[in-house]
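# could you work out the structure for the sequence below:
(one chain, ligands or ions: 1)
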Amino acid sequence: MPETMFAPGEPPFLKLSGIGKVFPGVIANEDVSIDFRRGEIHALLGENGAGKSTLMNVVTGLYQPDSGEMILDGYGVEFAGPPAAIAAGIGMVHQHFKLVPRFTVAENLALGWNETPGWVAPGAIEAKARALSERFGLAIRADARIDSLSAGEQQRVEILRVLSRGAKMLILDEPTAVLSPVEVASLFDALRRFRDGGGAVVIITHKLDEVMAVADRCSVLRAGRLVGTHRITDVTPALLVGEMIGRPVDLPASYPRARPAPGPDAPAAMVLEAVSVRDEAGVTRLDAVSLVLRAGEVLGIAGVTGNGQPELAGVMTGLVAPFSGRVLLGGAPAPGADPGAFAAAGVGHVPEDRLRSALAPSLGVAENAVLREYRVKPVGGRLAYNAGAARRFAEALAVAANVRLASPTAPIRGLSGGNQQRLVLAREGRIATSVLVASYPARGLDIGAIAAMRERLAAARDGGVAVVLVSEDLDEILALSDRIAVLTAGRLMGVMERAEARRDVIGRLMSGRAADAEIAA
Ligand SMILES: Nc1ncnc2c1ncn2[C@@H]1O[C@H](COP(=O)(O)OP(=O)(O)OP(=O)(O)O)[C@@H](O)[C@H]1O
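Model prediction:
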């Protein structure tokens, strides 16, 4: 392959040679050799469970490889732990930001500076934070508290924190999952700038359009092994998908219905009457939202993240009690905050933050599979917890979710992010006989799993379930929904039938520009 982009003879920043990593019952990486170079953005691709995170955990010193070598700037290295990798200039930006919420941006950045003295004037650390922000082209508000920032702003702080520790290589794990399109563009600008200054970037992502837009080269893993490394100019998305899964997949543009969409007279699975929610500080997060969920429809909730989506999903699933207004479930008033009662009434929930909200990370796969079955036979019931039944239930659920389990007793955090998501989806889909609320269900899923997830939602819809799809991906909403509601700053800006839905109108409502425009009731 001709390599004109890079100076001949210059060693790669980090060379992986024959890396292998085994967990009990699973070969996570086998004989992986990749060069990560200065001045390039390298995308790491692969299906859920292909071994991407494991490989990056080896690179960042969290795991020691069982075989193979790492060569940094021409010299063999072994990292005893993450501090050694950081000292060598390898920085990781995690999906869950490691920031202190109650500290300001500048304070969080100062935590990463070795030379920060015990006491320092706020003005001084803010000035330093601003200088850092300018140097790397990442806009921040130095004096703002982390918990007042959007996901995109928090991510910029996280990246700056990593860069301030002298990172020469930046590894990002699905960095765009929580970002709005504008934030994605500004992240990519910052990555290009870092690359153009001689930095090495590795980006793990499932979004092929982003790979094509931002990466210089990409490597594809399948079942722990490297399938190939390519220059982006030499590949197409279809070729990459083929390499990732070893067979072609078809992503339908829309999901045909088995029955006609329910009209306004269809039975209501759930009704929200002027529901408002306030947070702990008394700020209104959901503002007098009225909605009818019709049995047998997909209702898409479009909106930029941070506009009341968790609160809306919370009142629909019994996690959050309305401050005012009420929720009717099957015609009867629902109890305030009682997720168990909602589940018993047939309401399933795939929350936004799976590992923290839907799963108990240190418990086994079986215990997580049955988390919602404790009141139900044969797993739970009045008398006891039946461990054998729990294991069998977990195994059946894993088969249904297409997840390969090494052992049902192994901790769920050992499963790849995408496989955790598949299990939650299967578990909640089982419960949801009446309503299924799915928040950002595609997050972390590979392309084949996205198709399977959408088919599952469409099947629930055809089975008479009211499906609520919360997403900021308009293509996804338009592909699946029968009706589309737009949520902006906690208010419902409009609800429209799919046939009448127009992208530009939804976009305008999402940006809050037509605050009083009611499109249809
Ligand atoms: N700590 C661990 N203990 C046991 N098994 C593990 C552990 N970490 C990863 N695995 C297993 O190794 C394999 C590779 O997982 P990994 O998380 O690296 O995949 P991935 O490509 O990052 O997937 P995703 O796209 O879903 O995040 C999976 O089968 C996973 O279950």
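
# confirm I86 sits in a strand?
No - I86: not assigned to a strand; according to DSSP: H, G, I helix; E, B strand; the rest coil it is helix.

# that one and G224: what is the separation?
26 Å (Cβ to Cβ, to the nearest Å). C-beta coordinates here come from the backbone N, C-alpha and C atoms, glycine included.

# the two: which is more packed in?
The neighbour count for I86 versus G224, taken as other Cβ atoms under 10 Å, is higher for G224 (23 against 19).

# ok, the more buried one to the ligand distance?
Per Cβ to the nearest ligand atom, to the nearest Å, G224 is found 7 Å from the ligand.

# how about the contacts made by that residue?
I27, A28, N29, E30, V32, A50, G51, T54 (Cβ atoms under 8 Å, 6 or more residues apart in numbering).

# where does the stretch 1-150 of the chain dip in pLDDT?
Applying pLDDT under 70 to the stretch 1-150 of the chain flags the ranges 1-9, 95-96, 112-120, 122.

# the ligand contacts on that one?
Applying Cβ under 6 Å from any ligand atom, we find that the stretch 1-150 of the chain lies next to the ligand at F23, V26, A28, G46, N48, G49, A50, G51, K52, S53, T54.

# count the residues that sit near the spatially closest residue to P267 that is not a sequence neighbour.
The shortest distance from P267 to any non-neighbouring residue, by Cβ to Cβ, 6 or more residues apart in numbering, is to A295 (4.8 Å). For A295, the neighbour count with other Cβ under 10 Å is 18.

# where do the strands sit along the stretch 351-500 of the chain?
435-439, 466-471, 483-488, 491-497 (DSSP state E, counting those that start in this stretch).

# figure out which of those is closest to the ligand.
Comparison of those against the ligand by Cβ to the nearest ligand atom identifies strand 435-439 as nearest, at 17.7 Å.

# output the closest one in PDB, but only the C-alpha positions, please.
Coordinates of the C-alpha atoms in strand 435-439 are reproduced here as PDB (Å, rounded to 0.1, in the frame of the first residue of the first chain):
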ATOM      1  CA  VAL A 435     -45.600   0.300  27.100                       C
ATOM      2  CA  LEU A 436     -41.900   0.200  26.100                       C
ATOM      3  CA  VAL A 437     -39.800   3.300  26.700                       C
ATOM      4  CA  ALA A 438     -36.500   3.100  24.900                       C
ATOM      5  CA  SER A 439     -34.100   6.000  25.400                       C
END
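
# same for that strand, what does it pack against?
Under the contact definition 3 or more Cβ pairs under 8 Å, 6 or more residues apart in numbering; DSSP states H and E, strand 435-439 sits against helix 309-317, strand 347-350, helix 417-431, helix 447-462, strand 466-471.

# list the buried residues for the shortest one?
When you say that, I think you mean strand 347-350. For strand 347-350, a neighbour-count test (16 or more other Cβ atoms under 10 Å) marks V347, G348, H349, V350 as buried.

# partners of it in the sheet?
strand 435-439 (parallel) (DSSP bridges).

# now the strand it pairs with against strand 466-471, angle please.
10 degrees (axes from the mean of the first three to the mean of the last three Cα atoms, to 10 degrees).

# can you list contacts of strand 435-439?
With Cβ under 8 Å, 6+ apart, strand 435-439 has contacts from 269-270, 293, 309-310, 313, 316-317, 329, 346-352, 425, 428-429, 457, 460, 465-471.

# cutoff 6 Å now
269-270, 313, 316-317, 347-352, 460, 465-470 (Cβ atoms under 6 Å, 6 or more residues apart in numbering).

# what does stretch 233-240 give?
Against stretch 233-240 from outside (Cβ under 6 Å, 6+ apart): L208.

# quick one: it to chain centroid distance?
Centroid separation between stretch 233-240 and its chain, computed with Cα atoms, centre = their mean, to the nearest Å, is 24 Å.

# pLDDT below threshold where in the protein?
Using pLDDT under 70, the chain drops low at 1-9, 95-96, 112-120, 122, 248-251, 354-355, 373-385, 513-521.

# wait, what's in contact with S324?
So S324 contacts S276 (Cβ under 6 Å, 6+ apart).

# measure it to G242 for me?
53 Å.

# so what's G314 up against?
Contact partners of G314, counting by Cβ under 6 Å, 6+ apart, are V320.

# what's the separation between it and the ligand?
The value you get for G314 to the ligand, if Cβ to the nearest ligand atom is used, is 26 Å.
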